[in-house]
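> Fold the following and give me the result.
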Amino acid sequence: MRRVILAAAVLSLGAVLGPGQSAATAAAAGGSAALEGAATTTAGSAAGAATPAGAATPAGAVTTGASGEGQAPAGQEADGPARQAAWFAGRLRADPVHVSDQIPFAHPRSAASRFAAQAARTGVPTYVLVVPFHTALDARELLDAVHRELDRRGLYVLVDGTSGDEVEAVARGVSVPAADAARAAEWEMPSDATALDVFTRFVDIVGLSGAKAAARASEAEERRLVDEKRSEPFYTTREARSVNSGVAGALAGGVPLLVLAVGCTVCRRHRGHGRRALVGYGVPLVCAIGAAVLVHAGAVAFAQGEKAVPSARPTAHDLQLRADRVAEGLRRGPVYQDPESPAALDGSDLTAVRERLSGLEVPARLVVLPALAKEDESGGDEDLFLQRLHKSLGEDGLYILAGGDGFDGYEVTVANWGVKLAAKELDDYGDWIRYGPEDSDEEPALGRRITALARHVEGVPQGPPGHPEDAGRVDEPADTSLAPIDSGAYRPAAGGAAGLVLAGWGALAARRRIREGGRLTASLPWVPAARAAPEAGGRDAPSRPRRRWLRRAAGRELEELTAAFDAAGGRLDKAARGHVWACLDAAVLLLDRQGDGRIDADADTGDLAAALALVRAGRAALGVSGRHAVRRRLCSVNPLHGTHEPAKRAAGCAACRTAAAGSARARGLLLPGADGSPVPYRESPGPLGRAATSEVRHLIHHVRERFHVSDVSG
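From the prediction side, this is the model:
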């Protein structure tokens, strides 16, 4: 959590307060009708509109800041917070609540009216920025700069629109406990609170007196830091609802039978005869039915108090806003830097990059975005963003994206639309240009890397016009709605609990009937000792591989295996040759369903991981003969480690077995689950999770069965 400690004393604000009133002043002072109308303007109705001076055009390629309502002259761009402040001040002049267009899957611009409704409750002019976490290294410094640029008194608030766990506020010319309210809101909120939840709590507290707000902040901070207690989650996830359904089902199936069993036991010990006995056994039955009704009713009442995790539903316009903004900037110059973020290029670096790209014989455009994340319109996919940008701009050329990780690293991606350059040579621009220095402590050197990329482009020979593969589309937001409490795991859990109670009841009854000294015996299956292995293979077998890495590795190693298989020729016996060919065939089925000789653009992570495991299994089988090649197994810890000979008490590769003997930590393979979150590969919906066993032949059989291919070897 990033927070800035308040200064001990605040200087007089009279000298910096301007005559202009906030658009929200009418909420507190009941000003003129014009101001009152502006005060109730929602963020969604005017976000991104032209400023009063008509100068609120998108940030230019090299002129991304704004001074007042105009832009700085070319070559005199403002640096640091002043550059961002000019941009944000222009947005806040148009609307007192600005929601960034970079987080549509967290808080879309069209839903900004919810923040505006909360801001209207403060009773003072309020200016709100809902932005990604990387926007400001020092949120307080940025808010002060925005206030100086906007020159209006009021409450200035910056909310982290991605994680929602940070809110910073400063009061300029109004008397409210801004800093204490922000501190209390941060410490009081649970980990699953959204940015709107945190801002709503902030508004609740900012209306208190200064002493009450300070006491509340101190109490919340002590509770979190000293007592290590955090508020209960606001929302219930689908996974938690499934667990709750299972618990409710277990109670519904087990409690009534347990009541019946205990009641019948008591009745048996005090049993009578005739009608008395019948009435006696009817009481436990009625109690069991009542218990079942009460448990079910209680579960339903409990479920009604749970709230589903909010799911953003951005409109098509929300998803297009950032691409249109960037496209408008690129129409005015070859370099565009996101004006909402600290500049990655300035001064001589910016001038050198601009001149270098302008001097190329082919059209080239550079976009610098400090962070691509799952909350944006591309879902964090560089290729998908460039595809959307090209469609919005409508012009061919080299599109260069310097996409950051939200901190200080930038990955350079190049996409070629329509330029006659050889694709393979163009893409071979080296890891230093692509990823930057290996040492994370070094400067990212973005300017020198882009200049080096321009030199590389000049040396690329001509080729057919470029046309990147279709990057697909961003996944729809996960469904967060909650199923009824009596669905899902409810019935299986109820049956299981009922079975356990009946089994226990029966066991007790059997125990009573056996002769004294007899014993009921039960044999338990032998369970081998837990197998643990660290991550083996290093970068060649990561425990949580990225989709981009899997695509590159699978494509490269498939070509290498194909060449090695052809070179082996007659040296392989029939069984080994058939097995290697089967591995190749199954891998190609997963990677190239379209049959165009390229890895499919929509190949998911599970298929890519399975294909890479098959390729490595085939490569290992080149050196094995006979049935030993066919019976080999994939490493159960991480199938990307390769294969091993079956063993009685070992299911991992040699490296994992060696690591298990020491104190190394287990690092099993994680793949995306049904909801996109990482799960152990055995629980994933892909081929590695659905294969019958870890034997390679079973994985091959599953892949062929999935694609309805006959199980033959060539």
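> Could you check how many residues crowd around the residue nearest to W432 when sequence neighbours are not counted?
In this structure, W432 finds its nearest non-sequential neighbour in R449, 6.9 Å apart by C-beta to C-beta, 6 or more residues apart in numbering. C-beta: built from backbone N, CA, C; applies to glycine. Around R449 there are 22 other residues, counting by other C-beta atoms under 10 Å.
> What strand or helix carries R449?
Assigned by DSSP states H and E, R449 belongs to helix 446-458.
> For the residue nearest to W432, give me its contacts.
Residues near R449 by C-beta atoms under 8 Å, 6 or more residues apart in numbering: Y410, V412, W432, I433, G436.
> Which phi and psi values does the first one adopt?
The phi and psi values for Y410, taken as degrees, to the nearest 10, are phi -130, psi 130.
> Likewise for A185?
A185 adopts backbone torsions of phi -60, psi -40, taken as degrees, to the nearest 10.
> what about it, distance to L137?
According to C-beta to C-beta, to the nearest Å, A185 and L137 sit 21 Å apart.
> next one: H698
52 Å.
> ok so, going back, with neighbour numbers in mind, choose between A185 and L137.
Under the criterion of other C-beta under 10 Å, the comparison of A185 against L137 puts A185 first, with 29 against 12.
> I'd assumed F202 was in contact with the more buried one.
Yes: A185 is within contact range of F202, at 4.0 Å (criterion: C-beta atoms under 8 Å).
> Mark out where each domain of the protein begins and ends.
With automatic domain parsing as the criterion, the domains of the chain are listed as 26-225, 236-308+488-509, 316-458, 538-706.
> circling back: joint contacts of A185 and F202?
Applying C-beta under 8 Å, 6+ apart, one finds that A185 and F202 are jointly contacted by V167.
> got the contact list for A620?
Contacts of A620 by C-beta under 8 Å, 6+ apart are R632, G642, T643.
> Please produce a PyMOL select command covering the buried subset of the contacts of R449.
The buried subset of these, as determined by 16 or more other C-beta atoms under 10 Å, is captured in PyMOL by this line:
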select buried, resi 410+412+433+436
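> need the helix or strand of this structure with the lowest average pLDDT.
None of the helices or strands of the chain scores lower by mean pLDDT, DSSP states H and E than helix 33-39, at a mean of 32.
> what residue ranges in the stretch 351-500 of the chain score low on pLDDT?
405-408, 440-442 (pLDDT under 70).
> quick one, helices of it?
Using DSSP state H, counting those that start in this stretch, the helices of the stretch 351-500 of the chain run over 382-393, 423-427, 431-435, 446-458, 490-513.
> Take these and write them to TSV, including distance to W417.
Output for the helices of the stretch 351-500 of the chain, formatted as TSV (distance: least, C-beta to C-beta, whole Å):
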stretch	distance to W417
helix 382-393	5
helix 423-427	12
helix 431-435	19
helix 446-458	14
helix 490-513	53
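> out of these, nearest to G570?
Set against G570 and scored by C-beta to C-beta, these come closest in helix 423-427, at 32.7 Å.
> Pull out the buried positions in the closest one.
L426.
> and that helix, how far from the chain's centre?
Distance of helix 423-427 from the chain centroid (C-alpha atoms, centre = their mean, to the nearest Å) equals 31 Å.
> what's that helix in contact with?
Identification of contacts with helix 423-427 by C-beta under 8 Å, 6+ apart yields V414, N416, V457, V460, P461, G463, P464, G466.
> For the nearest residue to V266 once chain neighbours are set aside, give me the pLDDT.
Leaving aside its chain neighbours, V266 sits nearest to P284 (7.7 Å; criterion: C-beta to C-beta, 6+ apart). As predicted, P284 sits at a pLDDT of 81.
> and the gap between P284 and R354?
Going from P284 to R354 by C-beta to C-beta gives 86 Å.
> And A601, by the same measure?
As defined by C-beta to C-beta, A601 lies at a distance of 32 Å from R354.
> These two: who's more crowded?
Neighbour totals were compared for A601 and R354, and R354 leads with 20 against 13 (other C-beta under 10 Å).
> For that one, give its distance to V679.
Noted for R354: a distance of 46 Å to V679, by C-beta to C-beta.
> Just give me the closest of the contacts of R449 to E340.
Distances from E340 to the contacts of R449, taken by C-beta to C-beta, are shortest for Y410, at 16.1 Å.
> so how many other residues sit close to the residue nearest to that closest one when sequence neighbours are not counted?
Closest residue to Y410 apart from its sequence neighbours, by C-beta to C-beta, 6+ apart: A402 at 4.5 Å. For A402, the neighbour count with other C-beta under 10 Å is 25.
> Make residue 1 into 743 and carry on from there
All right, first residue 743 from here; so that's A1144.
> Could you look up the next helix or strand downstream of whichever strand or helix holds G1040?
If you go by DSSP H and E, G1040 is part of helix 1017-1046. Following helix 1017-1046 in sequence order, the next helix or strand is helix 1058-1072 (DSSP H and E).
> What is the distance between the helix or strand following that following helix and the centre of its chain?
Toward the C-terminus, helix 1058-1072 is succeeded by strand 1077-1079 as the next helix or strand (DSSP H and E). Put simply, strand 1077-1079 sits 26 Å off its chain's centre (C-alpha atoms, centre = their mean).
> ok, so what distance separates the residue nearest to W1174 from R966?
42 Å.
> same deal with R914?
R914 is 29 Å from R966, by C-beta to C-beta.
> who has more neighbours, these two?
Higher neighbour count among R914 and R966: R914, with 23 against 16, using other C-beta under 10 Å.
> Excluding sequence neighbours, find me the nearest residue to the more buried one.
Using C-beta to C-beta, 6+ apart and skipping residues adjacent in sequence, the residue nearest R914 is H889, 4.9 Å away.
> And that neighbour, how far from G991?
56 Å.
> Show the average pLDDT along stretch 1326-1343.
The pLDDT scores in stretch 1326-1343 average 88.
> Can you tell me what sits against it?
The contact list for stretch 1326-1343 (C-beta under 8 Å, 6+ apart) reads 1211-1214, 1293, 1296-1297, 1300, 1303-1304, 1307, 1345, 1349-1350, 1352-1354, 1356-1357, 1360, 1429, 1441-1442, 1445-1446, 1449, 1451, 1456.
> Check stretch 1046-1058 too.
Stretch 1046-1058 is touched from outside by 846-850, 852-853, 934, 936, 938, 976-979, 983, 986, 1119, 1219-1224, with contacts defined as C-beta under 8 Å, 6+ apart.
> List only buried entries from those residues.
Buried members of these, counted by 16+ other C-beta under 10 Å: 846-850, 852-853, 934, 936, 938, 976-979, 983, 986, 1119, 1222, 1224.
> In helices, which of the residues you listed appear?
If you go by DSSP state H, those have L938, R983, N986 in helices.
> Just the closest of those residues to E1070, please.
Nearest to E1070, judged by C-beta to C-beta, of those is L938 at 28.9 Å.
> ok, for that closest one, nearest residue in space, not its chain neighbours?
Once flanking residues are discounted, L938 sits nearest to R856: 5.7 Å by C-beta to C-beta, 6+ apart.
> How many residues are close by the one you found?
R856, neighbours per other C-beta under 10 Å, totals 17.
> Quick one: mean pLDDT over the helix or strand harbouring it.
For R856, the host element (DSSP H and E) is helix 855-861. Taken as a whole, helix 855-861 has an average pLDDT of 95.
> and A1034, how many neighbours?
For A1034, the neighbour count with other C-beta under 10 Å is 19.
> Please verify my assumption that it contacts L1000.
No: using C-beta under 8 Å, A1034 makes no contact with L1000, being 11.1 Å away.
> Could you tell me the model confidence score at V1021?
pLDDT for V1021: 52.
> How about A1392?
56.
> Kindly report the same for the one 5 residues further on.
Among the per-residue scores, A1397 holds a pLDDT of 74.
> Equivalent analysis for R1298, please.
92.
> try A1295
Note on A1295: pLDDT of 91.
> quick one, phi psi at the residue nearest the centre of the chain?
Nearest to the geometric centre of the chain sits K1116, at 4.9 Å (C-alpha atoms, centre = their mean). For K1116, the backbone dihedrals (degrees, to the nearest 10) come out as phi -60, psi -20.
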